[in-house]
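1. Give me a 3D structure for the following:
(4 chains)
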4 protein chains.
Amino acid sequence: MEEVKEAVIKFTKDRDWDQFHSPANLAKSIVIESGELLECFQWDDNFDKQKVCEELADVVNYAILLADKLNVKIEGIVMAKLKENSKKYPIDKSKGNSKKYTELQNEQQRNPLDQTKNLRRT
Amino acid sequence: MEEVKEAVIKFTKDRDWDQFHSPANLAKSIVIESGELLECFQWDDNFDKQKVCEELADVVNYAILLADKLNVKIEGIVMAKLKENSKKYPIDKSKGNSKKYTELQNEQQRNPLDQTKNLRRT
Amino acid sequence: MEEVKEAVIKFTKDRDWDQFHSPANLAKSIVIESGELLECFQWDDNFDKQKVCEELADVVNYAILLADKLNVKIEGIVMAKLKENSKKYPIDKSKGNSKKYTELQNEQQRNPLDQTKNLRRT
Amino acid sequence: MEEVKEAVIKFTKDRDWDQFHSPANLAKSIVIESGELLECFQWDDNFDKQKVCEELADVVNYAILLADKLNVKIEGIVMAKLKENSKKYPIDKSKGNSKKYTELQNEQQRNPLDQTKNLRRT
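-> Numbers count the residues shown, from 1 in each chain, chains lettered A, B, ... in the order given. So this is what the prediction gives:
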């Protein structure tokens, strides 16, 4: 990843584009590219893999630039978020269940003994 | 990155969430998380760095899962897109210029000798 | 608005596109078009008004179709949401303040007497 | 719609929020709310109609504010875009076909006599 990061940053530097890359503009760019990624799946689930890869690459490209701008390592923030999510989504409560952690909690509070309610999709 | 990728995939596997992770659903998830990232910059450019990192991590988390689902390496698709972009945005034409490549071409066609038109922001 | 709504629905019907317009696909389309709208403001706040109007029209077009699909009136759901928001954002607490209602509440709880904290931007 | 528009603008004015509502910020807000709308369909197509209506209302709310800020009528820009789209998507070529107009043109150029190619989904 380090090599890719350096290539992405060099590309920007060579074009003197750093002046446009405020954190806010990079966040906008990530959403814009995500929308183009979603367009590959707009009307059905058949997709052009090559096109999807290109749009996904655009998203990651701007994600790399934003992490760099914030002076954080992408690997580090993802690992930190996973740790956070492990608390929000304990395996026993979220297994096979796509509910949001806020809904998991609500259910737990409403009926702490009824485990079947958690299993919306099994 | 390999280690992060493995951790992300293990997290999903432990919760049996792979069943929800179709490419289309992962693409939706990337847009949804991008929107939350943008929310950090909704009304002004002051931002909570911790919050931005968490939302950015969510975007990258789903990007890793989508790349894995497509059986491609994130590093590979970003490098391939950079190569593509190098052709669309040659340094001499795009330096200090945030125009889209389609606009660069149009300008070039309208007036191939007038280089100053390309320099919108200098 | 009734006339516009009928024109939008007729356009779809004439092309036999209703088959693609599940609520989920319309929601995706709204995000995709919103991303194109945001692209008008990607690097700076200068914008092409004509282009912005076209992208905004695309967003509203799909919003009309989604409301129709859900069998609700756009005017009705906006008025209902305004009423809801009036409770979340009472004038005295939110005046000149762009904070989210969840933050307004937190502040209130942390220090109910300190009104100045609410005025982030004055 | 006129009544709704006035209610939306009054809500903003009462809270002195106009200062935050630059066209760029409203465009961001439309994307952010669209992302929340899409979240209703993140993992499957079952949805909470009440929640969908609320998120759709948020999108339309900001769309009304943006149109007002640009000094255009929502009805007018949607009708203008429909007219534009009628040219891009002539009924005979796009009937029962979800392809983008750029793809329709390509097909037409590759094989103008082969009408069956246009009918991807029938």
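2. drop to CA atoms for contacts and neighbour counts, all remaining ones
-> Noted.
3. can you pull the buried residues of the helix ranked longest in chain A?
-> Longest helix in chain A, counting residues (DSSP state H): helix A:49-69. Residues A:52-67 are the ones in helix A:49-69 that count as buried (16 or more other Cα atoms under 10 Å in any protein chain shown).
4. Check stretch A:68-84 too.
-> A:Ile74, A:Glu75, A:Ile77, A:Val78, A:Met79, A:Lys81, A:Leu82.
5. What is the helix or strand following the longest helix of chain A packed up against?
-> Remark: after helix A:49-69, the chain's next helix or strand is helix A:74-88, criterion DSSP states H and E. In terms of contacts (3 or more Cα pairs under 8 Å, 6 or more residues apart in numbering or on different chains; DSSP states H and E), helix A:74-88 is packed against helix B:2-14, helix B:49-70.
6. what's downstream of helix A:74-88, the next helix or strand?
-> Counting by DSSP H and E, what follows helix A:74-88 is helix A:91-94.
7. Can I get that next one in CSV? Just the C-alpha atoms.
-> This file holds the C-alpha atoms of helix A:91-94, laid out as CSV (Å, rounded to 0.1, in the frame of the first residue of the first chain):
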residue,chain,number,x,y,z
ILE,A,91,-20.6,-11.9,17.5
ASP,A,92,-23.3,-13.6,19.5
LYS,A,93,-25.8,-10.8,18.9
SER,A,94,-25.0,-9.9,15.3
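8. rewinding a little: want to throw the helices and strands packed on helix A:74-88 into JSON lines with mean pLDDT?
-> Compiled in JSON lines, these are given as follows (pLDDT from 0 to 100):
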{"stretch": "helix B:2-14", "mean pLDDT": "96"}
{"stretch": "helix B:49-70", "mean pLDDT": "98"}
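9. nearest to chain C, of those?
-> With Cα to the nearest Cα as the criterion, chain C lies closest to helix B:49-70 of the helices and strands packed on helix A:74-88, at 13.9 Å.
10. So that closest one, near chain D or not?
-> No: figure legend: helix B:49-70 not in contact with chain D (Cα under 8 Å from any Cα of the partner chain); closest approach 12.5 Å.
11. which parts of chain A sit against chain C?
-> Residues of chain A lying close to chain C (Cα under 8 Å from any Cα) are A:20-21, A:25, A:28-29, A:31-33, A:35-36, A:38-39, A:42-43.
12. Now narrow those to whatever sits close to chain D.
-> By Cα under 8 Å from any Cα, the members of the residues of chain A next to chain C lying near chain D are A:Lys28, A:Trp43.
13. Which ones among the residues of chain A next to chain C lie within helices?
-> Counted as lying in helices by DSSP H, out of these, are A:Asn25, A:Lys28, A:Ser29, A:Val31, A:Ile32, A:Glu33, A:Gly35, A:Glu36, A:Leu38, A:Glu39.
14. okay but the last one is in contact with C:Val31, surely?
-> No: A:Glu39 is beyond contact range of C:Val31, at 9.3 Å (criterion: Cα atoms under 8 Å).
15. List the residues that contact A:Ala57.
-> B:Ile74, B:Ile77, B:Val78, B:Lys81 (Cα atoms under 8 Å, 6 or more residues apart in numbering or on different chains).
16. For the last one, give its distance to B:Val8.
-> The one in question is B:Lys81. Distance of B:Lys81 to B:Val8, given as Cα to Cα, to the nearest Å: 24 Å.
17. which one of the contacts of A:Ala57 sits closest to chain A?
-> Once Cα to the nearest Cα is applied, the member of the contacts of A:Ala57 that ends up nearest chain A is B:Val78, at 4.7 Å.
18. what's the closest one in contact with, if anything?
-> Counting by Cα under 8 Å, 6+ apart, B:Val78 touches A:Val4, A:Glu54, A:Ala57, A:Asp58, A:Val60, A:Asn61.
19. Looking at those, which two lie furthest apart in space?
-> A:Val4 and A:Glu54 (15.2 Å; Cα to Cα).
20. how many neighbours does A:Lys10 have?
-> A:Lys10: 12 surrounding residues under other Cα atoms under 10 Å in any protein chain shown.
21. and if you look at A:Phe47?
-> By the criterion of other Cα under 10 Å, A:Phe47 has 15 neighbours.
22. residues contacting it?
-> A:Phe47 is in contact with A:Cys40, A:Phe41, counting by Cα under 8 Å, 6+ apart.
23. try A:Leu38
-> Counted by Cα under 8 Å, 6+ apart, A:Leu38 has contacts B:Ala24, B:Ala27, B:Lys28, B:Val31, C:Lys28, C:Ile32.
24. of all these, which comes closest to A:Lys93?
-> Nearest to A:Lys93 among the contacts of A:Leu38: B:Lys28, at 23.8 Å, using Cα to Cα.
25. okay, the closest one: pLDDT?
-> Predicted confidence (pLDDT) for B:Lys28: 98.
26. separation between it and A:Met79?
-> The spacing between B:Lys28 and A:Met79, counted by Cα to Cα, is 22 Å.
27. Now A:Asp48. Nearest residue, chain neighbours left out?
-> Nearest non-adjacent residue to A:Asp48, counting by Cα to Cα, 6 or more residues apart in numbering or on different chains: A:Cys40, 7.0 Å away.
28. Okay, the one you found and chain D: tell me how far apart.
-> From A:Cys40 across to chain D, the span is 11 Å (Cα to the nearest Cα, to the nearest Å).
29. likewise A:Ala57?
-> On the measure of Cα to the nearest Cα, A:Ala57 and chain D end up 20 Å apart.
30. what's the answer for A:Leu38, then?
-> 11 Å.
31. Need phi/psi at A:Phe41.
-> A:Phe41 adopts backbone torsions of phi -120, psi 20, taken as degrees, to the nearest 10.
32. How about it, nearest residue that isn't a chain neighbour?
-> In space, and not counting its chain neighbours, A:Phe41 is closest to B:Ala24: 5.8 Å by Cα to Cα, 6+ apart.
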